[in-house]
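[1] need a structure here:
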Amino acid sequence: MTSLDDTFYGRCAGLYDRVATAPGVRSWRARTAETLALSPGDTVVEMGCGTGANFPYLREAVGPDGRVVGVDLVDAMLRRADARVDRAGWENVHVVRGDATRPPVESVDALVSTFVVGMLEAPDDAVREWVRSVRPGGRLTLLNAARSPRPVALPLNALLRLFVRATAPGHRLRRGSPTRALERRWAAACDALFEGTVDHHEARLGLGLVPLASGRVPEPPE
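    Below you'll find the model as predicted:
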């Protein structure tokens, strides 16, 4: 079996981090954090935190009295996330090695996952678990990549297909069109998100290439 550090995301953690923190991408991450409607003192968990590119925006929202927890399985990514936390001196940001499909957390104020659900074999099952991990009234936000419906983005759609094929994790995603598989998984994740939440919000960022979906976990009926 190939170790996770032998995959694209393990071998190219440095390159991934540079792309993940590029100016345009930073604006997507800031927008994603805004949709969580975090308050100072909240606890927010990121599933598939990668190199911690979302940490600055999440930490700013929860303040020094809140808590940010990043979960990932790839050691190379976690090392870079840890280094980012150390450089910033954040004592309330923590990195945990764990499987996003079996969340090692429960009862948090908000949960976010960016560019992860498209890689999961059963994204709908994972999202249902994530919804159950969020307290009533808290929000869950997903961000991913997909082909843009905008004519101006046609050349970028071709580049996206090449990137997805190059980085698709495992042979199962490589059967047929990896891009269509990515979009099917996004659709399944959104269906699970919307069935378990209310107050939905959807947007298309990055010329339509980056879909965002968010929902609030409902309060129990009185």
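
[2] Okay, now the sheet partners of whichever helix or strand residue 70 is part of, with direction.
    Assigned by DSSP states H and E, residue 70 belongs to strand 67-72. Looking at strand 67-72 with DSSP bridges, its partner strands are strand 43-47 (parallel), strand 93-97 (parallel).

[3] Out of the ones you listed, which one sits most buried?
    With neighbours taken as mean count of other C-beta atoms under 10 Å, the strands paired with strand 67-72 reach their highest mean count in strand 43-47, at a mean of 26. Every residue, glycine included, has its C-beta placed from N, CA and C.

[4] Report the buried residues of whatever helix or strand comes next after that strand.
    The helix or strand immediately downstream of strand 43-47 is helix 55-62, counting by DSSP H and E. Using 16 or more other C-beta atoms under 10 Å as the test for burial, helix 55-62 gives 55-59, 61-62.

[5] Closest to residue 139 out of these?
    residue 61 (11.4 Å; C-beta to C-beta).

[6] Show me the strands in this protein, by range?
    All strands of the chain, identified by DSSP state E, fall at 43-47, 67-72, 93-97, 108-114, 134-143, 198-205, 210-216.

[7] Distance to residue 160 and mean pLDDT added to those strands, as CSV?
    As requested, the strands of the chain are arranged in CSV below (distance: least, C-beta to C-beta, whole Å; pLDDT from 0 to 100):
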stretch, distance to residue 160, mean pLDDT
strand 43-47, 22, 97
strand 67-72, 23, 96
strand 93-97, 29, 96
strand 108-114, 16, 98
strand 134-143, 15, 97
strand 198-205, 13, 97
strand 210-216, 10, 98
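
[8] which stretch among those comes nearest residue 177?
    Nearest of those to residue 177, taken as C-beta to C-beta: strand 210-216 at 17.5 Å.

[9] what lines up beside the closest one in the sheet?
    Applying DSSP bridges, one finds strand 210-216 paired with strand 134-143 (antiparallel), strand 198-205 (antiparallel).

[10] Buried residues in the shortest one, which are they?
    Which is strand 198-205. By neighbour count on 16+ other C-beta under 10 Å, the buried set for strand 198-205 is residue 205.

[11] ok, residues contacting that strand?
    Contacts to strand 198-205, defined as C-beta atoms under 8 Å, 6 or more residues apart in numbering, come from residues 27-28, 31, 35, 143, 148-149, 193-194, 210-216, 218.

[12] Show me the shaky parts of this structure.
    Applying pLDDT under 70 to the chain flags residues 1-11, 167-176.

[13] got the angle between the lengthiest helix in the chain and strand 198-205?
    Secondary structure of the chain per DSSP state H: the longest helix is helix 178-196. On the basis of axes from the mean of the first three to the mean of the last three C-alpha atoms, to 10 degrees, helix 178-196 is oriented at 150 degrees to strand 198-205.

[14] What helices and strands are in contact with helix 178-196?
    helix 123-133, strand 134-143, helix 154-167, strand 210-216 (3 or more C-beta pairs under 8 Å, 6 or more residues apart in numbering; DSSP states H and E).

[15] CA atoms only: put the first one into PDB for me.
    Okay, so that is helix 123-133. Extracted C-alpha coordinates of helix 123-133, given in PDB (Å, rounded to 0.1, in the frame of the first residue of the first chain):
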ATOM      1  CA  PRO A 123     -18.300  12.200   0.900                       C
ATOM      2  CA  ASP A 124     -22.000  12.100   1.800                       C
ATOM      3  CA  ASP A 125     -21.300   9.800   4.800                       C
ATOM      4  CA  ALA A 126     -18.400  12.000   5.900                       C
ATOM      5  CA  VAL A 127     -20.500  15.200   5.700                       C
ATOM      6  CA  ARG A 128     -23.300  13.600   7.700                       C
ATOM      7  CA  GLU A 129     -20.700  12.800  10.400                       C
ATOM      8  CA  TRP A 130     -19.500  16.400  10.300                       C
ATOM      9  CA  VAL A 131     -23.000  17.800  10.700                       C
ATOM     10  CA  ARG A 132     -23.500  15.600  13.800                       C
ATOM     11  CA  SER A 133     -20.200  17.100  15.200                       C
END
